[in-house]
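Participant: only geometry, no sequence info:
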């Protein structure tokens with residue numbers, strides 16, 4: 001059974017099976033006839049995404065941005081679920097697997113939409129789907145993507161799983177798993193604030209707010225419109241942010257200083273919301289920054305957060321934190337590993353704690369420490385979700 005983690009975001013769609021990963025903009029456009037192909041430039045699995053699903057043909061990602069007459073993206077959660085999720089998720093799943101058999105999927109939702117949209121998301125992508133990938137060399141590839149089981153979890157916990165699990169789905173960072181952790185997951189449209197105490201989700205300190213990086217991009221677009229009289233789509237700003245320079249009709253505009261001011265303001269607003277939300281959770285051990293937006297805002301955000309912030313490593317793409325964690329958790333949930341790693345409390349105490357799950361009702365275990373008991377409940381709760 002192959003396991004795939006999928007994250008359909010407002011900005012990007014990501015997927016990983018633990019070995020192969022894909023990422024493309026969450027853009028859908030009409031498929032048009034391309035009269036000439038130069039076969040030069042970028043050539044990756046996602047650079048020329050042209051698919052047919054349910055007898056309809058689409059360009060996706062950067063291909064839709066470049067070639068479609070009407071590329072569409074959304075910052076509306078309802079529209080994302082109804083019109084985008086199925087197309088983007090099935091495409092990503094098909095790119096990540098060559099299996100003709102059933103696959104299991106772990107995905108996530110912002111905590112504010114988890115209860116409302118989990119069932120609908122499952123209904124959208126569960127089952128068998130026939131998808132055709134139209135390659136630029138003219139050779140079509142049709143796949144049957146059979147999604148069997150789906151686990152929908154709070155989106156930010158994927159970042160924790162990515163840190164505590166190894167690629168086989170075994171818990172290797174026992175210390176982090178036993179902590180009370182806060183996660184700040186900054187995406188394109190939303191920021192998710194979540195607390196997990198020994199891997200148990202804490203509702204009180206978890207919230208979704210519309211303070212994603214798109215708000216910053218909107219300020220850039222408004223300023224550029226004032227100076228150039230050109231409306232720039234938010235999804236086209238990504239590639240200009242890193243350099244701080246954008247060329248419009250041959251004229252260069254420098255947004256470096258504006259970017260610094262906007263990011264400083266955005267980071268201060270996010271930190272203020274966070275510090276208020278977590279005012280009573282002063283016992284948080286560590287705070288994890290995650291999501292593509294956190295890369296942009298990290299240097300402005302970290303100094304304003306009250307607590308021990310785990311820095312973002314320079315050698316990773318933070319946009320994959322959640323989806324890689326989803327895949328690792330899927331291997332834990334549906335794999336053969338059933339036991340929690342050994343937790344040593346003293347030189348004489350080396351009790352191995354078994355994780356309770358449905359098949360373990362008659363299994364006797366050694367008495368658990370308070371910390372082990374909390375961790376076992378946290379993981380077993382996640383295992384029981386369908």
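Facilitator: Noted; the coordinates are in hand. What you see is a predicted model; the values in this text were computed from it and never measured. Residues are numbered from 1 along each chain as shown.

Participant: so how far does stretch 72-82 reach from one end to the other?
Facilitator: One end of stretch 72-82 sits 14 Å from the other (CA to CA, to the nearest Å).

Participant: Pull out the buried positions in that stretch.
Facilitator: The neighbour-count check on stretch 72-82 (16 or more other CB atoms under 10 Å) flags 73-75, 77, 80-81 as buried. Backbone N, C-alpha and C define where each C-beta goes, glycine included.

Participant: from the chain's centre, how far out does that stretch sit?
Facilitator: 16 Å (CA atoms, centre = their mean, to the nearest Å).

Participant: List the contacts of that stretch.
Facilitator: 8, 10, 25-29, 64, 83-84, 110, 113, 117, 120-121, 124, 188-189, 214, 233-235 (CB atoms under 8 Å, 6 or more residues apart in numbering).

Participant: what about residue 105, how many residues close to it?
Facilitator: 27 (other CB atoms under 10 Å).

Participant: Quick check: chain neighbours aside, which residue is closest to it?
Facilitator: residue 150 (4.9 Å; CB to CB, 6 or more residues apart in numbering).

Participant: Name every strand pairing with the lengthiest strand in the chain and say which way it goes.
Facilitator: In the chain, with assignment by DSSP state E, the single longest strand is strand 140-154. Strand 140-154 has its sheet partners listed here by DSSP bridges as strand 102-109 (parallel), strand 127-134 (antiparallel).

Participant: TSV please, covering those strands and showing distance to residue 262 and mean pLDDT.
Facilitator: As requested, those are exported to TSV (distance: least, CB to CB, whole Å; pLDDT from 0 to 100):
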stretch	distance to residue 262	mean pLDDT
strand 102-109	28	96
strand 127-134	39	95
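
Participant: Please identify the deepest-packed of those strands.
Facilitator: Each of the strands paired with strand 140-154 was scored by mean neighbour count; the highest is strand 102-109, a mean of 23, by mean count of other CB atoms under 10 Å.

Participant: next SSE after that one?
Facilitator: helix 114-125 (DSSP states H and E).

Participant: Under the pLDDT cut-off, which ranges of this protein? List them.
Facilitator: 35-45, 336-386 (pLDDT under 70).

Participant: In it, where's the longest helix?
Facilitator: Using DSSP state H to define each element, the chain has its longest helix at helix 256-277.

Participant: Packing partners of whichever helix or strand comes after that helix?
Facilitator: Note on helix 256-277: by DSSP H and E, the next helix or strand toward the C-terminus is strand 286-290. Here strand 286-290 touches helix 157-164, strand 180-186, strand 309-310, going by 3 or more CB pairs under 8 Å, 6 or more residues apart in numbering; DSSP states H and E.

Participant: Now the very next helix or strand once past strand 286-290: buried residues?
Facilitator: Next in sequence after strand 286-290, counting helices and strands by DSSP H and E, comes helix 292-301. Residues of helix 292-301 classed as buried: 292-298, 300-301 (neighbour count, 16+ other CB under 10 Å).

Participant: and the two most separated of those residues?
Facilitator: 292 and 300 (15.1 Å; CB to CB).

Participant: gap between residue 11 and residue 50?
Facilitator: Distance, residue 11 to residue 50, by CB to CB, to the nearest Å: 21 Å.

Participant: More neighbours: which of those two?
Facilitator: residue 11 (24 against 21).

Participant: contacting residues for that one?
Facilitator: 25-26, 187-189, 213-214, 235, 238, 292 are the contacts of residue 11 under CB under 8 Å, 6+ apart.

Participant: Next, format those residues as a markdown table and append secondary structure and distance to residue 227.
Facilitator: Listed next are the contacts of residue 11 as a markdown table, based on DSSP: H, G, I helix; E, B strand; the rest coil; distance: CB to CB, whole Å:
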| residue | secondary structure | distance to residue 227 |
| --- | --- | --- |
| 25 | strand | 25 |
| 26 | coil | 28 |
| 187 | coil | 28 |
| 188 | coil | 24 |
| 189 | coil | 25 |
| 213 | coil | 21 |
| 214 | helix | 20 |
| 235 | helix | 20 |
| 238 | helix | 20 |
| 292 | helix | 27 |
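
Participant: Filter the residues you listed down to the buried ones, PyMOL style.
Facilitator: Buried members of the contacts of residue 11, defined by 16+ other CB under 10 Å, are picked up in PyMOL with:
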select buried, resi 25+26+187+188+189+213+214+235+292
